[in-house]
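Q: Okay, structure incoming, though there's no sequence with it:
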Ligand code: FES
């Protein structure tokens, strides 16, 4: 497979949207509102003109499952954040991660 080059650096937010069956008794981001968080992040990126330079996508379990909130990875930095799944938390996270872009 050949690497795909883009004309500019791209950062990626990956939001775990894994939703486990509640019968398992295990927490999962998808059951805590991660889809709404992802939608908010995409909307805000578009509003700020960052769409394409920062992409927000869903992912499966990132293996650090929280009891509350959701996990958001940021690449290429390779950082992971545990956030409440609220529009306000999404705004704060984006402000922090996209400062200077
Ligand atoms: S369910 Fe989200 S990190 Fe595991």
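A: Now that the structure is in, tell me what you want to look at. Because the structure is predicted, anything quoted here is derived from the model rather than measured.

Q: Could you pick out the residues of this protein near the ligand for me?
A: Those residues of the chain that sit near the ligand, judged by Cβ under 6 Å from any ligand atom, are 16, 18, 28, 29, 61, 62, 63, 64, 65, 71. To be clear about C-beta, it is placed using only N, CA and C from the backbone, and glycine gets the same treatment.

Q: count of neighbours near the residue nearest to the first one when sequence neighbours are not counted?
A: Nearest in space to residue 16, with sequence neighbours left out and distances taken as Cβ to Cβ, 6 or more residues apart in numbering, is residue 29 at 4.1 Å. With neighbours defined by other Cβ atoms under 10 Å, the count for residue 29 comes to 32.

Q: Which residues are in contact with residue 29?
A: Contacts for residue 29 (Cβ atoms under 8 Å, 6 or more residues apart in numbering) come out as 15, 16, 17, 18, 19, 61, 65, 66, 69, 70, 71, 85.

Q: Any figure for the gap between it and residue 14?
A: Residue 29 is 11 Å from residue 14, where distance means Cβ to Cβ, to the nearest Å.

Q: ditto for residue 67
A: 20 Å.

Q: Next: residue 24.
A: 22 Å.

Q: can you check residue 90 too?
A: Counting by Cβ to Cβ, the gap between residue 90 and residue 14 amounts to 14 Å.

Q: Show me which of those two is the more surrounded one.
A: More neighbours surround residue 90 than the other of residue 90 and residue 14, with 27 against 19 (other Cβ under 10 Å).

Q: Make sure that one is indeed in a helix.
A: Yes - assessed by DSSP: H, G, I helix; E, B strand; the rest coil, residue 90 belongs to a helix.

Q: and it, what does it touch?
A: Residues in contact with residue 90 (Cβ under 8 Å, 6+ apart) are 37, 40, 41, 44, 83.

Q: how about those residues in JSON lines, adding pLDDT and secondary structure?
A: Shown next, in JSON lines, are these (pLDDT from 0 to 100; DSSP: H, G, I helix; E, B strand; the rest coil):
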{"residue": "37", "pLDDT": "92", "secondary structure": "helix"}
{"residue": "40", "pLDDT": "91", "secondary structure": "helix"}
{"residue": "41", "pLDDT": "94", "secondary structure": "helix"}
{"residue": "44", "pLDDT": "92", "secondary structure": "helix"}
{"residue": "83", "pLDDT": "88", "secondary structure": "strand"}
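
Q: Before I go, just wanted to say thanks for your time.
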